[in-house]
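Enquirer: Just to be clear, the model below is a prediction. Sequence and coordinates:
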Amino acid sequence: MNKFNKKQKIIIISIICIIAILIIYFYINDNIKIKNASNLEDLATYEEQNNLNKTENQSGEETGEGNKNNENNEETNKNDNSQNQENSSDEITVHITGAVNKEGVYKLKKESRVQDAVEIAGGLKEDADTKRINLAYQLEDGMKIIVPSINDENLEEELITTEIGKNAGETSTGTSSGSSTDTSTTQNAKTSSKVNINTANEEELDTLPGIGEATARKIIEYRNENGKFSSIEDIKNVKGIGESKFEEIRDLICV
């Protein structure tokens, strides 16, 4: 006689199957959880590493960009300084007075002419006498330009000069302005060194042998109208100075 009837066997087999299914289910589920946990850990590690790389890249880019900006700023500053130096070396400063509308000190481009100074000073006044000044004269830094007026009948002052004043030449030749030294001593002191015919005033020119007040005035007028002498021989272009007079002063003058 069988220990279990058919119905009991079916129930036992069903229970065994259910248990087996549950075991298999939990086993598979545990493996899935373990795998998912591993995947999540890998994913977290990947994301962390990725975020770290991004941070490093951003930091590197910012540093690189900062360095690049610094380099650009330094280059810009260098260019600005260079430009300022170039601008400074390409400019001259002159003082213009007389028959112009706006007397004053002005900055001009290097190698500017008297005409340029006149224009920046507001132009000529109606009484300006352009016959006594060379508007094409090339200027140098520190020059003073006096534009004469037709009302200035006996203008003895040099019109284009780098000297401080009419008597400034005396200081450079060893005699100060207002000195009580007698005329002969002054003349000997002056003629002991060469007289620059491009910068000397009337009194200095008058110390040269054979050059009186009238001829000295003509030399200054010639300079005002024609510009500086290129060589000492050019002084013979002044009316009243011939070859013989030039020979007397040639060793006493310079340009």
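Expert: Thanks, I have it. The structure presented is a predicted model; accordingly, all values stated were derived computationally and were not measured. Numbering: from 1, shown residues only.
Enquirer: mind listing what the longest strand belonging to the chain pairs with, with the direction of each?
Expert: Longest strand of the chain, by residue count under DSSP state E: strand 91-98. The strands that strand 91-98 pairs with in its sheet are strand 104-109 (antiparallel), strand 144-147 (parallel) (by DSSP bridges).
Enquirer: which residues are in contact with that strand?
Expert: The contact list for strand 91-98 (C-beta atoms under 8 Å, 6 or more residues apart in numbering) reads 103-110, 112, 117-118, 121, 128, 139-149. Where C-beta positions appear, they are placed from N, C-alpha and C, glycine not excepted.
Enquirer: in that strand, what's buried?
Expert: Within strand 91-98, the residues that count as buried by 16 or more other C-beta atoms under 10 Å are 92, 94-96, 98.
Enquirer: sorry, back to before: and among the strands paired with strand 91-98, the most buried is which?
Expert: strand 144-147 (a mean of 22; mean count of other C-beta atoms under 10 Å).
Enquirer: can you tell me the average pLDDT over that strand?
Expert: Per-region confidence: strand 144-147 scores 90 on mean pLDDT.
Enquirer: Tell me where the model's unsure across the stretch 51-200 of the chain.
Expert: 53-54, 56-73, 76-88, 153-158, 161-192 (pLDDT under 70).
Enquirer: Mind doing that once more with 90?
Expert: Scanning the stretch 51-200 of the chain for pLDDT under 90 picks out 51-90, 98, 110-111, 126, 129-144, 146, 148-195, 198-200.
Enquirer: Nearest residue to V105 in space, please, no chain neighbours.
Expert: Nearest non-adjacent residue to V105, counting by C-beta to C-beta, 6 or more residues apart in numbering: H95, 5.0 Å away.
Enquirer: now that neighbour: how far from I249?
Expert: Note on H95: its distance to I249, by C-beta to C-beta, to the nearest Å, is 31 Å.
Enquirer: for T130, same thing?
Expert: Distance from T130 to I249, counting by C-beta to C-beta: 31 Å.
Enquirer: neighbour-wise, which of those two wins?
Expert: With neighbours defined as other C-beta atoms under 10 Å, T130 and I249 compare such that I249 has more, 20 against 15.
Enquirer: the domain parsing of the protein - what is it?
Expert: Domain assignment for the chain by automatic domain parsing gives 90-162, 166-255.
Enquirer: Fine, thanks again, bye for now.
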